[in-house]
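**Q** with the input below, show me the fold.
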Amino acid sequence: MKKVGILGGTFDPPHNGHLMIANEVYDKLKLDEVWFMPNQEPPHKKKSERVENEDRLEMLNLAIEGNASFKIQTIELERKGPSFTVDTMKLLNTQYPDHEFYFIIGADMIEYLPKWHEIDELIKIVQFVGVERPEYSQKTDYPIIYVDIPAFDVSSSMIRKRVKEGRSVRYLLPDEVIGYIREKHLYGT
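**A** Prediction:
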């Protein structure tokens, strides 16, 4: 049975915090791979101005380049409308019956679990892995494996704001992603 972590998100842009979370969970749970799964339209977020899917995918490719254990799973980008994790996991379990999936979420999502679509069904088909995020509680009644990670308080929204303001994002993003953002004039550059 192949053990695969899934890290979902908008990855708008993908940053070093995403990479660190993936690597820490990969290492501590002895996973075979971690799949980064960009979503089309997360049901818990308001639709905002995002860069094009092609740009998010290319930035993600640049971010994980050189790590053979990190892959991109585009299943949610291929579907239209809101992406419900339960639907995605049902599809992945059907497509990859020899895989055991570990869905990686931050503490902000742990607090939100009771509101997830069909959460009682979802916890039967995937193992959740929770990572700590500052200012959020890890308390939940749902079965979660916790992985401690080094504190690195960065978010894509903070990076977008800094880029728009012309401030440095060095060491927050891989250099290749910074170069792509500048080259494509993303986020107000």
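
**Q** for the residue lying farthest from the centre of the chain, give its distance to Thr140.
**A** Residue farthest from the centre of the chain, counting by C-alpha atoms, centre = their mean, is Gly166 at 25.5 Å. From Gly166 over to Thr140 the distance is 40 Å, taken as C-beta to C-beta, to the nearest Å. From N, CA and C alone the C-beta is placed, and that goes for glycine too.

**Q** on that earlier part again, how close does the residue farthest from the centre of the chain sit to Met109?
**A** 31 Å.

**Q** just Thr85 next, same as before
**A** Noted for Thr85: a distance of 10 Å to Met109, by C-beta to C-beta.

**Q** ok, those two, which is more surrounded?
**A** Thr85 (25 against 22; other C-beta atoms under 10 Å).

**Q** now the helix or strand of the chain with the lowest mean pLDDT: how far from the chain's centre is it?
**A** Here the helix or strand of the chain ranked lowest by mean pLDDT, DSSP states H and E is helix 107-112, holding a mean of 83. Relative to the centre of its chain, helix 107-112 is centred 13 Å away, using C-alpha atoms, centre = their mean, to the nearest Å.

**Q** which of the residues in the helix or strand containing Asp120 are buried?
**A** Here Asp120, judged by DSSP states H and E, is contained in helix 119-125. For helix 119-125, burial by neighbour count (16 or more other C-beta atoms under 10 Å) applies to 119, 122-123.

**Q** just for this structure, where's the confidence low?
**A** Applying pLDDT under 70 to the chain flags the ranges 41-49, 133-137, 189.

**Q** so Val177 touches Met59, yeah?
**A** Yes: at 5.0 Å, Val177 counts as touching Met59 under the criterion of C-beta atoms under 8 Å.
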